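**Q** A structural model of the following input is requested.
(one chain, ligands or ions: 1)
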Amino acid sequence: MSDPTIQRHDTAEELAESVAAALLQRLERAQAAGEVPQIGLTGGTIADHVHQAIARLSPGSSVDWSRVVVWWGDERFVAPDSPDRNASQARAAFLDDVGVDPANVHEMPSTADSASVDDGAEAYSHTMREHGAGAFEVLMLGVGPDGHIASLFPGDAALDVDDRIAVGITDSPKPPPERVTLTFAALNHAKAVWFLVSGDGKAEAVAQALGGADVHEIPATGVVGEDETVWFLDEAAASRL
Ligand SMILES: O=C1O[C@H](COP(=O)(O)O)[C@@H](O)[C@H](O)[C@H]1O
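**A** Numbering: from 1, shown residues only. From the prediction side, this is the model:
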């Protein structure tokens, strides 16, 4: 397991370009080695910038997106066409453009797919097991001002679930309340874990996470990569370090 490192960027845009370029490089390397890399996506503001940067930079790379498998770390349990869906955001920003194979894009269930959020979590766990998933080349995670990652929020019982791949959340403090999230047990199977953080609203959470806060207070401390754990920060997010 790796120690966290920090990459500081002047602006959110520079951060996004840097993450997109690094992702394309890792995917090129993995594919050159004959692998079919799996990536874990996140949602949120900075993730959207990163996704747009991937769309811009992809044509200049040799990544074969038809041989990349896409998963999500968490999802909002809402209608499939809701703009609240992390998957809708990623599809609009880059997935619909870069040439992914639809069979390789594993969205978490929506209200149209599962009767309840718990059923959705069980279904996603089953899909991940079926595909032998669990070794992300890169797992990207946004971080909330409260230190949450995926839909693992401070103080929630889901933080202590270690025998399931995904769980349902019914009372997320950030709307919408119903979500499906991977557990720490599943998130901690990535070669590279990249935290994407921008804005001064996240500065305190970043400082606490990198200061070694308890995982129940700052859930971001609970995920590390096997090869690397990188905090991509803009100056505002790094301002309390
Ligand atoms: O609810 C969520 O929030 C986080 C961070 O979002 P941001 O808008 O504060 O950047 C996100 O990473 C997570 O995937 C999402 O479901």
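**Q** so how far is Ser110 from Glu75?
**A** For Glu75, the distance to Ser110 (Cβ to Cβ, to the nearest Å) stands at 8 Å. Placement of C-beta: from N, CA and C, glycine included.
**Q** who touches both of these two?
**A** Common contacts of Glu75 and Ser110, defined by Cβ atoms under 8 Å, 6 or more residues apart in numbering, comprise Arg85.
**Q** contact partners for the nearest residue to Val223 once chain neighbours are set aside?
**A** Spatial nearest neighbour of Val223, chain neighbours left out: Leu187 (4.8 Å); criterion: Cβ to Cβ, 6 or more residues apart in numbering. Taking Cβ under 8 Å, 6+ apart, we find Leu187 in contact with 40, 73, 139, 141, 149-150, 193, 222-223.
**Q** let's see 10 Å
**A** Applying Cβ atoms under 10 Å, 6 or more residues apart in numbering to Leu187 gives the contacts 40, 73-74, 136, 139, 141, 149-150, 152, 165, 181, 193, 219, 222-225.
**Q** next one: Ala158
**A** Ala158 neighbours (Cβ under 10 Å, 6+ apart): 121, 150-152, 164, 166-169, 179, 181-184, 219.
**Q** quick one, which of the residues you listed are buried?
**A** Neighbour counting by 16 or more other Cβ atoms under 10 Å classes 121, 150-152, 166-169, 179, 181-184, 219 among those as buried.
**Q** count the neighbours of the residue nearest to Gly43 when sequence neighbours are not counted for me.
**A** Leaving aside its sequence neighbours, Gly43 sits nearest to Asn86 (Cβ to Cβ, 6+ apart; 3.1 Å). Asn86 has 24 neighbours, counted by other Cβ atoms under 10 Å.
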